[in-house]
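S.K.: Generate coordinates for the sequence data below:
(one chain, ligands or ions: 2)
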Amino acid sequence: MGHLQITPSILNADFGKLADEVARIPGADWIHVDVMDNHFVPNLTFGPTMVEALARSTETPLDAHLMIDDADRNAPAYVEAGCGSVTFHVEAAKAPVRLAREIRAAGARASMALKPATPIEPYEDLLPELDMLLIMTVEPGFGGQRFLDLCLPKIRRARALMDKHGIETWLQVDGGVSLDTIERCAEAGADVFVAGSAVFSADDPDAMVAALRAKAEE
Ligand code: DX5
Ligand code: ZN
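M.R.: Ligands and ions are numbered 1, 2, ... in the order given. Here you go, the predicted structure:
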């Protein structure tokens, strides 16, 4: 497996000083930005204008996780805002193949997310169109939720499908990832780890990023 990556989510950071919060985690590979529209999920965060301002304030690439309806129409704005990776939910996309191709053509990594109850099997043939697959390990909407172990078999099955196709799609997990759960995810085949509350509730967020990386590599 390739290099493991740690992607802190700013959802539980202080929104009043996001640039400072991001500066506290220089060891992060990506910054995960959770975009919520109060329709696809029952929570509301920020849109492309704020993401664009954050992109200008850091050298670390942004990993947008769009928890929004009508992904087909709304996702391209996040490539334009400067995100290096854009993840849409398959449950919110009418034409996921076309959308993934559009994101790639616009110059970002294309990624698709699955909620805990969404199976991977119907999307097997779509995997080569993706740079990353996100398997949610909580129901999307809020930080600080408990990790759902029931998602681990799907991570394993997704990794097996990628191996079968001989592709190196990154496999991201998001939700409840901590020092207690990250090894299980890595063992199942994940290689990109989102961690929100684990990082931003730590006294030293950058040391937590390093500790998570060490645990995942064990
Ligand atoms: C939840 C978001 C996550 C969230 C993770 O819907 O997609 O990225 O910030 O937070 P933790 O790590 O606290 O579960
Ligand atoms: Zn997320």
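
S.K.: From residue 97, how far off is the closest residue in space to residue 96 that isn't next to it in sequence?
M.R.: Nearest residue to residue 96, sequence neighbours excluded (CB to CB, 6 or more residues apart in numbering): residue 90, at 5.5 Å. Quick note: C-beta positions are derived from backbone N, CA and C, even for glycine. In this view, residue 90 and residue 97 are 11 Å apart by CB to CB, to the nearest Å.

S.K.: any low-confidence regions in this structure?
M.R.: 1-2 (pLDDT under 70).

S.K.: would you list every one of the strands in it?
M.R.: In the chain, the strands defined using DSSP state E lie at 5-8, 31-36, 62-67, 85-89, 109-114, 132-136, 170-174, 192-195.

S.K.: ok, and the closest non-adjacent residue to whatever residue of the chain ends up closest to ligand 1?
M.R.: Nearest residue of the chain to ligand 1: residue 196, at 2.7 Å (CB to the nearest ligand atom). Closest residue to residue 196 apart from its sequence neighbours, by CB to CB, 6+ apart: residue 9 at 3.5 Å.

S.K.: show me what contacts whichever residue of the chain sits closest to ligand 2?
M.R.: Nearest to ligand 2 in the chain, going by CB to the ion, is residue 65, at a distance of 3.7 Å. Counting by CB atoms under 8 Å, 6 or more residues apart in numbering, residue 65 touches 9, 32-35, 87, 113, 134, 174, 194.

S.K.: Switch the residues you listed over to CSV; also include distance to residue 216 and neighbour count.
M.R.: As requested, the contacts of residue 65 are exported to CSV (distance: CB to CB, whole Å; neighbours: other CB atoms under 10 Å):
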residue, distance to residue 216, neighbour count
9, 16, 24
32, 15, 26
33, 21, 25
34, 21, 25
35, 25, 26
87, 20, 31
113, 20, 24
134, 16, 29
174, 14, 26
194, 12, 28
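
S.K.: Between residue 90 and residue 97, which has more neighbouring residues?
M.R.: The neighbour comparison of residue 90 against residue 97 (other CB atoms under 10 Å) goes to residue 90, with 19 against 14.

S.K.: returning to that earlier point: next, count neighbours for the residue of the chain closest to ligand 1.
M.R.: Neighbours around residue 196, by other CB under 10 Å: 25.

S.K.: you'd agree it is up against residue 11?
M.R.: Yes - under the criterion of CB atoms under 8 Å, residue 196 makes contact with residue 11 at 4.9 Å.

S.K.: And the helices in the chain?
M.R.: 18-23, 48-56, 71-74, 76-80, 96-105, 152-165, 182-188, 197-200, 205-217 (DSSP state H).

S.K.: Tell me which of the ones you listed approaches residue 41 most closely.
M.R.: The closest of the helices of the chain to residue 41 is helix 71-74. By CB to CB, the value is 12.7 Å.

S.K.: Now for residue 117: which residues touch it?
M.R.: Residue 117 neighbours (CB under 8 Å, 6+ apart): none.
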